[in-house]
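J.: Need the 3D shape of this:
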Amino acid sequence: MWRTMYGPLLAAVLLSILAGVGIARGEPGGLRVWADASAIFLLVPLLVFGIVTAVFVYLLAAGVGWLTSWVPAAAHAVNQFIQRIAEYAERFSNSLLKPVFVLKGFSASAKEVVRVIRRLFSH
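T.: Residues are numbered from 1 along each chain as shown. Next comes the predicted model:
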């Protein structure tokens, strides 16, 4: 990664520094000085764009690294929370329906006892 991103960036910085030194050491008003200055003015936007792009890529990589370390832990916590809610809902519904099941079970048992007694006395 160093050669592909930071190498060209470092080369552009060094070229800009060398062009600046060349302008400072050259004679004022010469054609060479103006050529060096225009080269610097052409390279500075590219250099800034390269630095901004490098910072963006670094922040993107850091963000993805942070997300990949954070998401599994958060997903596990959310999963546990949802399971607790499901357990509470099941307990609540069971406690609400328990009287219905007991009454229906009692009613069915009472009907069966009555049926058996009728059968016993009808023969």
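J.: how about the helices in the chain?
T.: In the chain, the helices defined using DSSP state H lie at 7-25, 31-122.
J.: hey, least reliable of those by pLDDT?
T.: Of all the helices of the chain, the segment with the smallest mean pLDDT is helix 7-25, scoring a mean of 75.
J.: neighbouring contacts of that one?
T.: 32-33, 36-37, 39-40, 43-44, 46-47, 50-51, 54 (C-beta atoms under 8 Å, 6 or more residues apart in numbering). The C-beta positions use only the backbone N, C-alpha and C, and glycine is treated the same way.
J.: again, but for stretch 39-53
T.: By C-beta under 8 Å, 6+ apart, stretch 39-53 touches 8, 9, 12, 13, 15, 16, 19, 20, 23.
J.: Pull out the buried positions in that stretch.
T.: 39, 40, 43, 47, 50 (16 or more other C-beta atoms under 10 Å).
J.: now that stretch: how far from the chain's centre is it?
T.: Taking C-alpha atoms, centre = their mean, to the nearest Å, one finds the center of stretch 39-53 at 32 Å from the center of the full chain.
J.: Thanks a lot, catch you later.
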